[in-house]
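Colleague: Sharing a sequence plus its predicted fold:
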Amino acid sequence: MNEEQFRKAVHRGLGRAIHYAREHDVRPFRAIILDACLHCYSVDIQSEGTRAPFMLELVEATGERDFYCAEVLSALATAGDDADGLQRFNFATYLALDGDERAKGLICQSFAPGPRWGEDIASNLIRLDGPEGFLVAAKGIGRLIATQVQESDRGWLWHVAQEMLGAEEARAALEGASQTDPDLAAYL
């Protein structure tokens, strides 16, 4: 496979890129792989999601997991309110779910939601920390609602919280904490 064929396979999310990486030295394609870790090449992100799981599997096949994971985690701090930022947070969430404490810490530290993808990124916090993660996420979204009312809160985070935690547990956590936190009160 030449460089252009490999790039197309990675950008399209095709399994042949992973198979190729398992059987060949892909170090010459390092820039292509890193670019696809940091940028979302999904055609329709709302129906297919980000390519984070695919990229993590590809990274595993390269034998250079530590390099790529460190690069993605370093890029969290500059992640924007776009599909690329969502992919980086999703990638980091998979790392954190696999026990990477550094990834978990950087997700919480780097979470600065925007109006477009903030709730989608915030849902990762619920996956990681349950009710406590929901409160961190709701606080960030609440701060956003307070400053950009018309552009914020599509209700997705609440939907995810109800599904993952149960409606009663999500509401109880939020109502209790919102008594003393203005950002949580704004979210509520």
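Modeller: Arrived safely.

Colleague: the longest helix in this structure is where?
Modeller: helix 118-147 (DSSP state H).

Colleague: which other helices and strands contact whichever helix or strand comes after it?
Modeller: Next helix or strand after helix 118-147 toward the C-terminus (DSSP states H and E): helix 156-165. Contacts defined by 3 or more C-beta pairs under 8 Å, 6 or more residues apart in numbering; DSSP states H and E place helix 156-165 against helix 118-147, helix 167-178. Quick note: C-beta positions are derived from backbone N, CA and C, even for glycine.

Colleague: For residue 10, which of the ones you listed is the nearest?
Modeller: Of all the helices and strands packed on helix 156-165, it is helix 118-147 that lies closest to residue 10, at 22.6 Å by C-beta to C-beta.

Colleague: Are there helices or strands packed against the closest one, and which ones?
Modeller: For helix 118-147, the packing partners by 3+ C-beta pairs under 8 Å, 6+ apart are helix 83-97, helix 101-110, helix 156-165, helix 167-178, helix 182-187.

Colleague: Return the most buried member of these.
Modeller: Greatest average neighbour count among those goes to helix 83-97 (a mean of 23), per mean count of other C-beta atoms under 10 Å.

Colleague: Could you check how far it is from the centre of its chain?
Modeller: The chain centroid and the centroid of helix 83-97 are separated by 3 Å under C-alpha atoms, centre = their mean, to the nearest Å.

Colleague: what does that helix contact?
Modeller: The contact list for helix 83-97 (C-beta atoms under 8 Å, 6 or more residues apart in numbering) reads 37-40, 42, 45, 49-53, 55-56, 69, 72-73, 75-76, 79, 103-104, 106-107, 110-111, 114, 117, 120-121, 124, 127-128.

Colleague: what angle separates that helix from helix 118-147?
Modeller: Helix 83-97 and helix 118-147 meet at an angle of 110 degrees, taking axes from the mean of the first three to the mean of the last three C-alpha atoms, to 10 degrees as the criterion.

Colleague: Quick check: which ranges of this structure have low pLDDT?
Modeller: The chain contains residues with pLDDT under 70 at 149-154.

Colleague: distance between the longest helix of the chain and the chain's centre?
Modeller: Here helix 118-147 shows a centroid-to-chain-centroid distance of 12 Å under the convention C-alpha atoms, centre = their mean.

Colleague: Can you name the residues that contact residue 12?
Modeller: residue 41.
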